[in-house]
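S.K.: kindly generate the corresponding structure for this input.
(one chain, ligands or ions: 1)
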Amino acid sequence: MTFATLGLIEPLLRALETLGYQTPTPVQAQAIPAVLAGRDLMAAAQTGTGKTAGFALPLLQLLTMEGPKVAANSARALILCPTRELAEQVHASVAEYAQNLPLTTYAVYGGVSINPQMMKLRKGVDVLVATPGRLIDLFRQNALNFKQLQTLVLDEADRMLDLGFSEELANIYRMLPKKRQTLLFSATFSDEIRLLAGQMLNDPLTIEVSPRNVAANTVKQWVVPVDKKRKAELFVHLMRKGRWKQVLVFAKTRNGVDALVDKLQGLGINADGIHGDKPQATRQRALDRFKSSDVQILVATDVAARGLDIEDLPLVVNFDLPIVAEDYIHRIGRTGRAGNTGEAISLVCADEVNMLSAIEMLTRQTLTRQMEQDFEPEHRVPDTDATGQVVKKPKKPKKPKASGGGKRNLGKWVDSGEVSPAEPSIKPVRKVPVFNTGPRKKK
Ligand code: AMP
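M.R.: Here you go, the predicted structure:
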């Protein structure tokens, strides 16, 4: 199969040739003809599957072939993304695909001045890539209207819900014309996503290019059990042993990112960090330096790392496991892209056993554990498997003491120093927007 057989026009084929794309990926093979035929789409496609071209190529073709010239302060297609980085990334790809077309493209997001964005929108843009908050600001300030909107793309829709954008999505939904084409992409199909799709899509074609919730099988994944306080030391040890050259590292919190970067830099290691507290320009600079190999280790939180597309990234390290199991799939999707092989290593301490178990359940696999000599944990990580079992070693019964040292609890003796090794599992609260689901006109 070629891109030509999917019905793409010559200026797009030329752009793809320039980019070196020879064969459509599975999501592209399914999405392109469906979008060209005007269908709504609900696609479960992981990062790295080529989903951006899957929606952008046919969308650009339809905009070129159909519809009026873009009017002032208008957008003909809107691509919504959860983060600034992803918006930048998607916009860069769209602009590349559109290089031979008479279309304009632009990206708007928060964290930077709104005025240049308002100026730019005066003439209107054919394809607007946006994060939800800034889009609403621009709309409310009359810098933008959606009278000409033909197509809406929700990219990484699951992530938008995770980040709490449900209210914003509901607001945006009310601003848009009812007659439009809507394409929803999500790494995973949670129940909330299905509900959202039911409200926003019209008789969608469903595409699932990989089994539901199964992580990319081109990524070799394993776990190294370790005590929490020795994670940084283990990381440096593994890095030196494996002669790691370019590693994307995930930490749970902003403080965690800063602490690890400080530690690595203190050892003379070329490391930088990105998280939501850093200004956009600093984040972009760190990312650019990582991509050009000026920075060897990039430490990131989940939010900041969304949308990172770094070619041939060989290794992802989970310094901390993610609280939301789906994020594990997003994280390891940074490696093993477009058919390359990659590795994902997770440093796991006893506190994280419930998170490990949730990941194994979601990805339906028991992750291989590999002990590192001299780093065997004092606090054992209980055994887990893909059924969600956490197998705790039976504890030796303790003799009740005559006085002190223990407290009575429903007739059982519990040593006062005894704590569960596992944190309670934290279930993210996701709000699902309630939309006014009046009848939609069919195109
Ligand atoms: P995405 O899943 O859209 O983030 O794309 C992942 C990576 O695959 C990007 O670097 C794309 O440029 C690349 N890519 C997408 N489609 C193809 C294709 N058909 N052939 C080769 N590379 C591709």
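S.K.: in the stretch 51-200 of the chain, which residue sits nearest the ligand?
M.R.: Thr52 (3.2 Å; Cβ to the nearest ligand atom). From N, CA and C alone the C-beta is placed, and that goes for glycine too.
S.K.: residue boundaries of the helices in the stretch 151-300 of the chain?
M.R.: Ranges of helices within the stretch 151-300 of the chain are 157-162, 166-175, 191-200, 231-242, 254-266, 280-291, based on DSSP state H, counting those that start in this stretch.
S.K.: the stretch 1-150 of the chain too?
M.R.: So, for the stretch 1-150 of the chain - with DSSP H, counting those that start in this stretch - the helices run 10-19, 26-36, 51-65, 84-97, 115-121, 132-140.
S.K.: quick one: contacts for the closest residue in space to Phe146 that isn't next to it in sequence?
M.R.: Excluding the flanking residues, the one nearest Phe146 by Cβ to Cβ, 6 or more residues apart in numbering is Leu176, at 5.2 Å. The contact partners of Leu176, by Cβ atoms under 8 Å, 6 or more residues apart in numbering, come to Leu78, Phe146, Leu149, Leu152.
S.K.: the last one contacts Ala75, correct?
M.R.: Just to be clear, that refers to Leu152. No: judged on Cβ atoms under 8 Å, Leu152 makes no contact with Ala75 at a distance of 10.0 Å.
S.K.: so between those two, which is more surrounded?
M.R.: Ala75 (30 against 22; other Cβ atoms under 10 Å).
S.K.: a markdown table for the helices of the stretch 1-150 of the chain, including mean neighbour count and mean pLDDT?
M.R.: Listed next are the helices of the stretch 1-150 of the chain as a markdown table, based on neighbours: other Cβ atoms under 10 Å; pLDDT from 0 to 100:
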| stretch | mean neighbour count | mean pLDDT |
| --- | --- | --- |
| helix 10-19 | 16 | 96 |
| helix 26-36 | 22 | 94 |
| helix 51-65 | 24 | 96 |
| helix 84-97 | 22 | 94 |
| helix 115-121 | 15 | 97 |
| helix 132-140 | 18 | 97 |
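S.K.: which of these sits closest to Ala71?
M.R.: Nearest to Ala71, of all the helices of the stretch 1-150 of the chain, is helix 115-121, at 11.2 Å by Cβ to Cβ.
S.K.: what does that closest one contact?
M.R.: So helix 115-121 is contacted by Asn73, Ala75, Tyr106, Val108, Leu128, Arg134, Leu138, Gln141, Ala143, Leu144 (Cβ under 8 Å, 6+ apart).
S.K.: which among the residues you listed count as buried?
M.R.: With burial judged by 16 or more other Cβ atoms under 10 Å, the buried subset of the contacts of helix 115-121 is Asn73, Ala75, Tyr106, Val108, Leu128, Arg134, Leu138, Ala143, Leu144.
S.K.: and the two most separated of the residues you listed?
M.R.: Maximum distance among these (Cβ to Cβ): 15.1 Å, for Asn73 and Arg134.
S.K.: picking up where we left off before, from the buried ones among the contacts of helix 115-121, which land in strands?
M.R.: Among the buried ones among the contacts of helix 115-121, the members found in strands (DSSP state E) are Ala75, Tyr106, Val108, Leu128.
S.K.: circling back to that earlier point, got the helices of the stretch 151-300 of the chain as CSV, with mean pLDDT columns?
M.R.: Shown next, in CSV, are the helices of the stretch 151-300 of the chain (pLDDT from 0 to 100):
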stretch, mean pLDDT
helix 157-162, 89
helix 166-175, 92
helix 191-200, 88
helix 231-242, 96
helix 254-266, 95
helix 280-291, 86
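S.K.: contacting the ligand as well, which ones from the ones in strands among the buried ones among the contacts of helix 115-121?
M.R.: Residues of these in contact with the ligand (Cβ under 6 Å from any ligand atom): none.
S.K.: isn't Leu59 up against Asp155?
M.R.: No: under the criterion of Cβ under 8 Å, Leu59 makes no contact with Asp155, lying 11.5 Å away.
S.K.: if we can go back for a sec, pLDDT and distance to Ile207 added to the ones in strands among the buried ones among the contacts of helix 115-121, as a markdown table?
M.R.: Supplementary listing: those in a markdown table, determined by pLDDT from 0 to 100; distance: Cβ to Cβ, whole Å:
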| residue | pLDDT | distance to Ile207 |
| --- | --- | --- |
| Ala75 | 98 | 25 |
| Tyr106 | 98 | 28 |
| Val108 | 98 | 28 |
| Leu128 | 98 | 24 |
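S.K.: so which of the helices of the stretch 1-150 of the chain is nearest Asp272?
M.R.: Taking Cβ to Cβ, helix 84-97 is the member of those nearest to Asp272, at 14.4 Å.
S.K.: now that closest one and helix 51-65, what's the angle there?
M.R.: 50 degrees (axes from the mean of the first three to the mean of the last three Cα atoms, to 10 degrees).
S.K.: next, the angle from helix 84-97 to helix 132-140.
M.R.: Going by the same axes, to 10 degrees, helix 84-97 makes 70 degrees with helix 132-140.
S.K.: okay, buried residues for stretch 254-274 please.
M.R.: Using 16+ other Cβ under 10 Å as the test for burial, stretch 254-274 gives 254, 256-258, 260-261, 263-264, 269, 271-274.
S.K.: and the residue of the stretch 51-200 of the chain closest to the ligand, what does it touch?
M.R.: By Cβ under 8 Å, 6+ apart, Thr52 lies in contact with Gln89, Val90, Ser93, Val94, Asp155.
S.K.: again, 7 Å this time
M.R.: Residues in contact with Thr52, defined by Cβ atoms under 7 Å, 6 or more residues apart in numbering, are Val90, Ser93.
S.K.: over to Ala53?
M.R.: With the criterion set at Cβ under 7 Å, 6+ apart, Ala53 makes contact with Gln28, Ser93, Tyr97.
S.K.: contacts with the ligand among those residues, please.
M.R.: Among these, proximity to the ligand is found for Gln28 (Cβ under 6 Å from any ligand atom).
S.K.: closest to Leu63 out of the contacts of Ala53?
M.R.: The nearest member of those to Leu63, counting by Cβ to Cβ, is Tyr97 at 11.4 Å.
S.K.: average pLDDT across stretch 299-312?
M.R.: Averaging pLDDT along stretch 299-312 gives 72.
S.K.: any chance of the helices of the stretch 1-150 of the chain in a markdown table with distance to Phe375 as columns?
M.R.: Shown next, in a markdown table, are the helices of the stretch 1-150 of the chain (distance: least, Cβ to Cβ, whole Å):
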| stretch | distance to Phe375 |
| --- | --- |
| helix 10-19 | 43 |
| helix 26-36 | 40 |
| helix 51-65 | 38 |
| helix 84-97 | 33 |
| helix 115-121 | 49 |
| helix 132-140 | 43 |
